[in-house]
Structure formats: C-alpha cells, structure tokens
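Trainee: Prediction below, plus the sequence it came from.
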Amino acid sequence: MKLSDFTYELPKELIAQHPAEPRDHARLMVYDKKTGDVAHHYFYDLVDELQSGDVLVFNDSKVIPARLFGHRIPTGGKVEVLLLTPCGEDTWEVLVKPGKKALPGTQLAFEGGMTADILDKTDFGGRIVKFNYDGVFDDIIDTIGEMPLPPYIHEKLEDKEQYQTVYAREKGSAAAPTAGLHFTEELLKKIRDKGVQEVFVTLHVGLGTFRPVEEENIEDHEMHSEFYSITPEAAAVVNRAKMEGRRVIAVGTTSIRTLESAGTSGELKAGSGWTNIFIYPGFTFHIVDALVTNFHLPESTLLMLISALSEREKILKAYEIAVQEQYRFFSFGDAMFIR
C-alpha cells in the first residue's frame, strides 16, 4: 500500500492546543468497524457503550519530562535533547536538535551541572549519549526537564499533569498514550460499577510510535523498538475473556501494539521485551476486538493501525465526517470508539 493512501485534509484550526476540561467532556465518535456508521457523543458517554464483562486494557506508562535544553561545550551553541530509551549505565538513546552539530565526541552541558557525551549515532537518526551528574538522575530530570509535547502543540502547558493519564504509574514514556487522557477517576468508577474489568499493561512510548513514515511503499517502513511489559495477572484476565467470548477493548494504539505483540498465538503471553510491530491493513488481530483512540495524523502509522482494525476507505470517510463536524484532532483532541 502507498503512503498517499493514508492522507486527508485537515484545517489547522482543528488541531487541539489544550485538553478538554473536564477531561471526559471531549467529544466521542462511536464508529462501527464493519459498516462505517458513526454516532456523535461525549467521552463520558463511553460507559453506555460498554457491557458488563468487557475488558478495558490501559497503558499505564508515565511520561517523563524528557525534553532537555542545554548547550554545546565549548561553543555555547544551544541544543535540545529528547530522551527516548535508557540503555543502561547512564546512557540513553536520544534525539538531538540541531543534529548536524551533534557529532560523536561532542559534549553537552545542562542546568545543575549535568553534562552529556555523545558517543554514537543510531540507525534512526538519533544519538547515544552518556550523562554525567551528581545525585539522582530522575530527580534532576524532574527539575530541569520539560514535558515533550508534540511540535503541533504551540501553547504552553500550564500543568504537567494535563499530559499524563490519571492512572499513569510506570515512568518511561517520551510521549503520552493520549487516548487515556480522556479518562477521569469518576468515569473509571462508573465503568467498574458496570462490571467492566480493568487491565493495565505497559508500553513506553518512544520513537516507534511517532516517527514519520518516509517510504512511499508503507511495507518498507521499519518501526523503532519500544519496551513493553505484561504481568501474569493481566494476561490471565485477557485470556479468560477471550476464552469466554467477551470483548477485549484496547485504550490507545500503544495498548493494541502491546497486546498484539504478545498475543500472536491467540493467547496473551505474560512477560516483557521489545516490540517493533507495525500494524497496517491486512493485519490479523488475535487479541483486540475494539479500540478507544484519538484522531491521528495523516500518513501516520497510527492511522494505518486503525485502518487495519476496520477498512481504510471507511476510516477516511469517518475522518472526513469528523472534519465536517469540527472534531478536535491529535494528542489533546477528541476520541473515537471503534467497536
């Protein structure tokens, strides 16, 4: 399939610059994956679309303040570093801007006396750096780092927690699993009271989720690996639901990628590891029956993923309707329930 098969026209004013307040007052498009029919609701209405016995699978990864600002030594030239993946022994895979001057051997300096040595380049245009500091790295990052908002969000975030799900627990993501941003504690309680089971898995969002597709033939695109973890308890709940014919509903594309990475046999395997799974039309889903998700960028792997869950033409028609109805798009935007 071609990259151009996954494009659509989006007016810039529909790119959300701030989250809905309260969170669950975002709009919700309910989409039938077989017929392509849509209905318009608010996110708090999701409880009415769920059934007792459904299993909702959330990604509990927590965003770290992964954007660091510093300068090159000795020139003083400004740099921006985005933490992606820890590699052990104070080394990280990162993205550096400007990249042309971030060559191996370059040293960077940050607030509080922390420095970093650029050790190597990566296949995906990133860098491997080693940090040098006194104290606790997480505490330093919490002090000097900023939340890594996507480049299409231009307004300053007033509260870091706005870019964090209410159930975030496991530190490690360079971007939020944004479908989960719509849930409030009150809505989660209503969903539990209806008899819906909650399951938490972890996938630390990194370059694989938001790296753009550059190849015209999408099958030539290579996903960047991201770390995931599934507990035995979570796997047991999902497997029992599958055995009993109950729905497994992923909250967000990162949850879907976690479940399908570890469930290729039709049975979800507990454990942890790295996944570079790329889901696009033609993919056979083994675990997931339905999905709560946001509206995604044109020509993105995320748009390809939801097209695989339904049909590309019907998804693009739903997006066309979303534009007509003035839905808000991307990370802080409105949501879809693909059922």
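Mentor: All right, it came through fine. Everything quoted here is computed from the prediction, not taken from an experiment.

Trainee: Walk me through the domains of the protein.
Mentor: 3-63+159-338, 67-144 (automatic domain parsing).

Trainee: which of the ones you listed sits most buried?
Mentor: domain 3-63+159-338 (a mean of 19; mean count of other Cβ atoms under 10 Å). C-beta coordinates here come from the backbone N, C-alpha and C atoms, glycine included.

Trainee: quick one on the thing from earlier: the domains of the chain: which one's closest to Ile153?
Mentor: Ile153 sits nearest to domain 3-63+159-338 of all the domains of the chain, at 5.8 Å, using Cβ to Cβ.

Trainee: Can you give me the end-to-end span of the closest one?
Mentor: 22 Å (Cα to Cα, to the nearest Å).

Trainee: what's the answer for stretch 287-301, then?
Mentor: 19 Å.

Trainee: avg pLDDT for that stretch?
Mentor: For stretch 287-301, mean pLDDT is 97.

Trainee: Turn the domains of the chain into a markdown table, including distance to Pro151.
Mentor: As requested, the domains of the chain are arranged in a markdown table below (distance: least, Cβ to Cβ, whole Å):
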| stretch | distance to Pro151 |
| --- | --- |
| domain 3-63+159-338 | 10 |
| domain 67-144 | 11 |
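
Trainee: mind checking which of these is nearest Pro150?
Mentor: Going by Cβ to Cβ, the one of the domains of the chain nearest Pro150 is domain 3-63+159-338, 5.5 Å.

Trainee: and the closest residue to Thr91 other than its chain neighbours, what are its bridge partners?
Mentor: Leaving out its chain neighbours, the residue that sits closest to Thr91 by Cβ to Cβ, 6 or more residues apart in numbering is Lys130, at 4.8 Å. Going by DSSP bridges, Lys130 is paired in beta bridges with Thr91, Asp117.

Trainee: Can you give me the distance of Lys130 to Val94?
Mentor: According to Cβ to Cβ, to the nearest Å, Lys130 and Val94 sit 11 Å apart.

Trainee: Equivalent analysis for His204, please.
Mentor: 14 Å.

Trainee: same thing with Gly271?
Mentor: 27 Å.

Trainee: Please apply the same query to Ala66.
Mentor: For Ala66 relative to Val94 (Cβ to Cβ), the value is 9 Å.

Trainee: overlap in contacts of those two?
Mentor: Common neighbours of Ala66 and Val94 (criterion: Cβ atoms under 8 Å, 6 or more residues apart in numbering): 82-84.

Trainee: Among those, which ones are in strands?
Mentor: 82-84 (DSSP state E).

Trainee: Take those residues and lay them out in JSON lines including pLDDT.
Mentor: What follows is these, written out as JSON lines (pLDDT from 0 to 100):
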{"residue": "Leu82", "pLDDT": "95"}
{"residue": "Leu83", "pLDDT": "95"}
{"residue": "Leu84", "pLDDT": "92"}
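
Trainee: List just the nearest of those to Asp139.
Mentor: Leu83 (14.6 Å).

Trainee: What residues does the closest one make contact with?
Mentor: 64, 66-68, 92, 94, 141, 145, 174.

Trainee: swap in His71?
Mentor: 77-79, 108-109 are the contacts of His71 under Cβ under 8 Å, 6+ apart.

Trainee: for Phe110, same thing?
Mentor: So Phe110 contacts 68-70, 116, 144 (Cβ under 8 Å, 6+ apart).

Trainee: if we go to 7 Å?
Mentor: Shown in contact with Phe110 (Cβ atoms under 7 Å, 6 or more residues apart in numbering): 68, 70, 144.

Trainee: And these, which is closest to Val237?
Mentor: Leu68 (38.0 Å).

Trainee: For the closest one, give the beta-bridge partners.
Mentor: Here Leu68, judged by DSSP bridges, has bridge partners Val81.

Trainee: Pro151 looks like it's in a strand, true?
Mentor: No. Applying DSSP: H, G, I helix; E, B strand; the rest coil, one finds Pro151 to be coil, outside a strand.

Trainee: Could you give the number of residues near it?
Mentor: 7 (other Cβ atoms under 10 Å).

Trainee: now it: how far from Phe69?
Mentor: 15 Å.

Trainee: What of Pro212?
Mentor: From Pro212 over to Phe69 (counting by Cβ to Cβ), the distance is 23 Å.

Trainee: swap in Leu259?
Mentor: For Leu259 relative to Phe69 (Cβ to Cβ), the value is 36 Å.

Trainee: Also Gln197?
Mentor: For Gln197 relative to Phe69 (Cβ to Cβ), the value is 43 Å.
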